[in-house]
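*Asks:* What follows is a protein structure lacking sequence information:
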């Protein structure tokens, strides 16, 4: 029921599913569905660069809201971002899913013992149990996602490269998600095609 609790806490956060029902026997949850593909699938379809920026801008806003609540997602990766809308659609929206590893700041999602079997998108200091979850540990994972997307970016590549480099750096030097959101907005402005319905 951990994920159900996380969904309940984030019920007012834009960009996460909504909890519909909980079953105790058998254990399970029902939540809203947002789109029929994830970011991995979208990237294989050679999307418009602005669509990718829109997705990243949206997810960074969702994560900024998470951390304002004192929560870490702890599982930020392309297949945990669902997409609604087409490859070139201005109406494309992104939803951050799989809240099963959400923790409060200062906790360890895998317990206190160091782990050597972690995925490479997890913050190394967290996997070594040297530092608990924080905005900085989530930002590392976001930075890894940016680095993976960089080869398919165009005019926005310099912005993505700089942001990824900062996000993958030392914990104390990593940007906040609000700062990342502002950088992504500047990258979109570079294209002179930022959709009018997207807030700053």
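*Replies:* Structure's in. What do you need? Since we're looking at a predicted model, the values are computed, not measured. Numbering: from 1, shown residues only.
*Asks:* and the helix ranked longest in the chain, how far from the chain's centre?
*Replies:* If you go by DSSP state H, the chain has its longest helix at helix 49-68. Its chain's C-alpha centre and that of helix 49-68 lie 7 Å apart, by CA atoms, centre = their mean, to the nearest Å.
*Asks:* Over to stretch 140-156?
*Replies:* Distance, stretch centre to chain centre, for stretch 140-156: 12 Å (CA atoms, centre = their mean).
*Asks:* Next, the distance between the ends of that stretch.
*Replies:* End-to-end distance for stretch 140-156: 20 Å, by CA to CA, to the nearest Å.
*Asks:* Give the other helices and strands that the helix or strand harbouring residue 188 contacts.
*Replies:* Assessed by DSSP states H and E, residue 188 sits inside helix 177-190. For helix 177-190, the elements it packs on are helix 49-68, helix 135-149, helix 157-167, judged by 3 or more CB pairs under 8 Å, 6 or more residues apart in numbering; DSSP states H and E. (Glycine included, C-beta is placed from N, CA and C.)
*Asks:* Show me the contact partners of the next helix or strand after the first one.
*Replies:* This means helix 49-68. Heading C-terminal from helix 49-68, the first helix or strand you meet, by DSSP H and E, is strand 71-72. With contact meaning CB atoms under 8 Å, 6 or more residues apart in numbering, strand 71-72 is reached by 6, 9-10, 66, 102-105, 107, 109, 133-135, 137-138.
*Asks:* pLDDT (mean, whole number) over the helix holding residue 188?
*Replies:* For helix 177-190, mean pLDDT is 93.
*Asks:* in it, what counts as buried?
*Replies:* Residues of helix 177-190 classed as buried: 177, 179, 180, 181, 183, 184, 185, 187, 188, 190 (neighbour count, 16 or more other CB atoms under 10 Å).
*Asks:* Among those, which one sits closest to residue 162?
*Replies:* residue 183 (7.5 Å; CB to CB).
*Asks:* can you pull the contacts of the closest one?
*Replies:* 159, 162, 163, 175 are the contacts of residue 183 under CB under 8 Å, 6+ apart.
*Asks:* Which residue is the nearest non-sequential neighbour of residue 157?
*Replies:* Leaving aside its sequence neighbours, residue 157 sits nearest to residue 150 (CB to CB, 6 or more residues apart in numbering; 6.2 Å).
*Asks:* How about residue 89?
*Replies:* Closest to residue 89 by CB to CB, 6+ apart is residue 51, at 7.0 Å.
*Asks:* what separates the one you found from residue 170, distance-wise?
*Replies:* Going from residue 51 to residue 170 by CB to CB, to the nearest Å gives 32 Å.
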